[in-house]
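> quick one, what's the 3D model for this:
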Amino acid sequence: MAIVLGLPKGSLQESTFALFKRAGFTVTCSSRSYIPTIDDPEIKCRLLRPQEMSRYVELGLLDAGICGYDWVYENGSDVQEVCELNYSKATSNPVRWVLAVPNDSKIKSVKDLAGKRISSEAVGLVKRYLKKNGVKADVEFSWGATEVKAPELVDAIVDLTETGSSLRANNLRIVDTILTSTTRLIANKKAWKVKAKREKLEQLKMLLLGALDAQKRVLIKLNAPAKKLEKITAALPALHAPTVNKLNDADWFAVESVVEECQVRDLIPVLRAAGATGIIELPLNKVIF
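Numbering: from 1, shown residues only. A predicted model of the protein is given here:
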């Protein structure tokens, strides 16, 4: 029983296809097509804008989909969250919906928005934010290029940012963060109750999370003389414990361990000083816990 899976078109498309590749799935799509091909007969893919993904999943037109939590929240969609996937267009950091104004604006807080005009693609999100803070303002839908609308067309904007570079380039400053969002794998609640579909989605979850975990880790392999083995393994981090095997030479051992990539530049000199030789660093595709 194939599942119908929605993949995000736009800024997340390239990074999503790359994630699926690391997870073991090859997804391809021509520039004019909205029906990607995937090398798994149990999955049928559809390419959709993340803004509408959760609506079609809720309606059951898709069994599952990948989109940001922000659009699930914006649409008020009643869906099953399968897992959180910590990746975005450029980094593994969450994205933020922020209230931003021109650098020389007198607006310092949400209270200063009373009677002002605000432009955003996430109108529902902004209206809920204003209502929560007891502020009345005009909120208009933005079809894009939201950053350029202040101050000539609107007093403030609410826009999505990952690094803040686009806002700074347009002479805007952030007043407040309204919502922090990460990418999610979501499912239709009825589809989630179908055993075959749920099992397939659970498998997909395992492989995607494994691929994301592997991005942060590498495999370290080295040779260690027997008399220095204890000192070397004591310095070597591991998921559980380093793997140690005897070499043909009884005085030497082969040691390997999965470690955080951010540790490697400091770790290798320590291992070398402890007596390790033949140190190799290898990238990983998946790490399954």
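
> Asp213 - that's part of a helix, no?
Yes: the assignment for Asp213 by DSSP: H, G, I helix; E, B strand; the rest coil puts it in a helix.

> need the contact list for it.
By Cβ atoms under 8 Å, 6 or more residues apart in numbering, the contact set of Asp213 is 286-289. (Each C-beta comes from the backbone N, C-alpha and C, glycine too.)

> mind listing the helices for the stretch 151-289 of the chain?
165-169, 189-192, 195-215, 229-235, 264-274 (DSSP state H, counting those that start in this stretch).

> what's the weakest-modelled helix or strand in this structure?
helix 165-169 (a mean of 89; mean pLDDT, DSSP states H and E).

> helix/strand/coil for the most centrally placed residue in the chain?
Centroid-nearest residue in the chain, with Cα atoms, centre = their mean: Tyr87, separated by 1.6 Å. The local conformation at Tyr87, judged by three-state DSSP, is coil.

> break the chain into its domains for me.
Residue ranges for the domains of the chain, per automatic domain parsing: 3-86+183-214, 95-180, 217-283.

> got any ranges where the stretch 1-150 of the chain has weak pLDDT?
89-92 (pLDDT under 70).

> mind listing the helices for it?
Using DSSP H, counting those that start in this stretch, the helices of the stretch 1-150 of the chain run over 13-23, 50-59, 69-75, 123-132.

> next, the buried residues of the second one.
Within helix 50-59, the residues that qualify as buried are 50-51, 53-58, counting by 16 or more other Cβ atoms under 10 Å.

> over to the longest one?
Burial within helix 13-23, assessed by neighbour count using 16+ other Cβ under 10 Å, is assigned to 13, 15-17, 19-20, 22-23.

> now that helix against helix 195-215, angle please.
Going by axes from the mean of the first three to the mean of the last three Cα atoms, to 10 degrees, helix 13-23 is angled at 100 degrees with respect to helix 195-215.

> show residues contacting helix 13-23.
Taking Cβ under 8 Å, 6+ apart as the rule, helix 13-23 contacts 7-8, 26-29, 36, 38, 47, 66, 85, 87-89, 204, 207-208, 210-212, 214-215, 285-286.

> same check, this time on stretch 186-193
3, 53-54, 57-60, 62-67, 72, 77-82, 197-198, 201.

> list the buried residues in that stretch.
Within stretch 186-193, judged by 16+ other Cβ under 10 Å, the buried ones are 186-188, 191-192.

> name the nearest of these relative to Ser119.
Ile186 (27.7 Å; Cβ to Cβ).

> and the closest one, how far from Asp112?
Note on Ile186: its distance to Asp112, by Cβ to Cβ, to the nearest Å, is 36 Å.

> now swap in Ala169 and tell me
24 Å.

> same check, this time on Val255
61 Å.

> between these two, which one's more packed in?
Taking neighbours as other Cβ atoms under 10 Å, Val255 and Asp112 compare with Val255 leading, 22 against 17.

> alright, I will stop here.
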